[in-house]
Each structure stands twice: as structure tokens, then as C-alpha cells.
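[1] Task: produce atomic coordinates for the following.
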Amino acid sequence: MLPLDPQADIGRRAWVACPNCDDRRRCRTCQEGRTCHGHWRYLLSNTGSLLHLQCPSCTHVWTHETYFGATRSDPPA
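    Numbers count the residues shown, from 1 in each chain. Reported below is the predicted structural model:
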């Protein structure tokens, strides 16, 4: 299990399913698409619409593309 990232701040959160532990799968609030007090993720940083997240339950770190708002552009090859 990884430790929490130094950038993890409870003030910066996102409500996205964790691809590792899926701890929100049996939560009625999450299933209804509402903001749940227990199943949020640390929002470590973002690059345009790409979020860098960490799950407080299992400490898994991953990126999630929202396709919302300012999309990122790929760097030149």
C-alpha cells in the first residue's frame, strides 16, 4: 500500500470511482450520482481536463480524463 501523496489535501477532492477498490459500488448516494461524504478522492493536480487522483481508502494513484472544459493538448512528438 502506498503512503498518501504529499500533495493530498482534503480541501481538494473529486468524486470519481476508484479503479482499484471500487469502494463506492454499494453506496446508494454514489449510485444516485450525488456527492457522498465517504467516497471522495484526493485531487492531487490536474492538467486541463486530466485529473491526477489518489483514493484515501486504498491509496491507489491514477489519472482520469473528464473531457470537460479545457482539454489538454498532447505535447509535440
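[2] Name the residues of the helix or strand of the chain with the lowest mean pLDDT that are buried.
    Lowest mean confidence among the helices and strands of the chain (mean pLDDT, DSSP states H and E): helix 28-31, at a mean of 90. Across helix 28-31, burial judged by 16 or more other C-beta atoms under 10 Å covers Cys30. Yep, even glycine has a C-beta here, placed from its N, CA and C like the rest.
[3] C-terminal to that helix, what's the next element?
    Following helix 28-31 in sequence order, the next helix or strand is strand 41-47 (DSSP states H and E).
[4] in its sheet, what does that following strand sit against?
    For strand 41-47, the paired strands and their directions (DSSP bridges) are strand 13-14 (antiparallel), strand 50-54 (antiparallel).
[5] Need the winner for burial among those strands.
    When you average the neighbours per residue for each of the strands paired with strand 41-47 (mean count of other C-beta atoms under 10 Å), strand 50-54 leads with a mean of 19.
[6] still on that earlier bit, and the strands paired with strand 41-47: which comes nearest Leu2?
    strand 50-54 (8.0 Å; C-beta to C-beta).
[7] Run the chain-centre distance for the closest one.
    For strand 50-54, the gap between its own C-alpha mean and the chain's C-alpha mean amounts to 5 Å (C-alpha atoms, centre = their mean, to the nearest Å).
[8] Could I get the phi/psi values of the closest residue to Pro19 other than its chain neighbours?
    Take Pro19 and drop its neighbours on the chain: the residue closest to it by C-beta to C-beta, 6 or more residues apart in numbering is Trp62, 6.0 Å away. The phi and psi torsions at Trp62 (degrees, to the nearest 10) take the values phi -160, psi 170.
[9] For Trp62, name its beta-bridge partners.
    Here Trp62, judged by DSSP bridges, has bridge partners Leu53.
[10] and the residue lying closest to Ile10 once chain neighbours are set aside, what is it in contact with?
    Distances taken as C-beta to C-beta, 6+ apart put Tyr42 closest to Ile10, at 7.5 Å, once the chain neighbours are dropped. For Tyr42, the contact set (C-beta atoms under 8 Å, 6 or more residues apart in numbering) comprises 4-5, 7-10, 12-14, 53-56.
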